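Asks: generate coordinates for the sequence data below:
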Amino acid sequence: MRSETGWRGKGCVMRPPFIRPPSHVLHPLLEKIILLAPDRTCVLAFLGQNYFLPEDEQLQRNGYELFQMMVADLPTIHQERGNHLEAHFRPLLNAAMEMVMTLPDMPENTSGTYYAQAYIAIQNLIGAQKAAMSMYCRA
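Replies: Down below sits the predicted model:
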């Protein structure tokens, strides 16, 4: 649970939610999920020194590639294309939000696995959003 000392008092710095100006690059809900989630430093603190967590760029690249594989037959009309992409992106967004929202309810003795899964899902989601935007802008 978040406190003044961070996630579960593990020495992680708590990021104040929703204070920075909105991004024009990120989906509004994705931006909020990122602000609510533990950051990489917190996840690594939970997991310990013996755990390997892929770099953010690799996780985002994985999300980008997976999203491209999931979405096919894009409509040519931009409005329809946007709706099609949103329909594929939204379930990923909802799953990541659910993962992040359940973290504060985890028992104190929970391993860092749940935190790592949520972190990885969010990084994949960032990549998926980049793919969706790229696919939307294609002529």
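
Asks: CA atoms of whichever strand or helix holds residue 41 as PDB?
Replies: Per DSSP states H and E, residue 41 falls inside helix 40-47. This file holds the C-alpha atoms of helix 40-47, laid out as PDB (Å, rounded to 0.1, in the frame of the first residue of the first chain):
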ATOM      1  CA  ARG A  40      11.200   0.300 -12.200                       C
ATOM      2  CA  THR A  41      13.300   1.100  -9.000                       C
ATOM      3  CA  CYS A  42      10.400   0.000  -6.800                       C
ATOM      4  CA  VAL A  43       9.900  -3.200  -8.700                       C
ATOM      5  CA  LEU A  44      13.600  -4.100  -8.600                       C
ATOM      6  CA  ALA A  45      13.600  -3.400  -4.800                       C
ATOM      7  CA  PHE A  46      10.800  -5.900  -4.400                       C
ATOM      8  CA  LEU A  47      12.400  -8.500  -6.500                       C
END
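
Asks: could I get the buried residue list for that helix?
Replies: By 16 or more other CB atoms under 10 Å, the buried positions in helix 40-47 come out as 42-47. C-beta coordinates here come from the backbone N, C-alpha and C atoms, glycine included.

Asks: whichever helix or strand comes after that helix - what's its average pLDDT?
Replies: Later in the chain than helix 40-47, the nearest helix or strand by DSSP H and E is helix 56-70. Summarised as a single mean, pLDDT over helix 56-70 is 97.

Asks: quick one, helix 56-70 and helix 40-47 angle?
Replies: Here the directions of helix 56-70 and helix 40-47 differ by 100 degrees (axes from the mean of the first three to the mean of the last three CA atoms, to 10 degrees).
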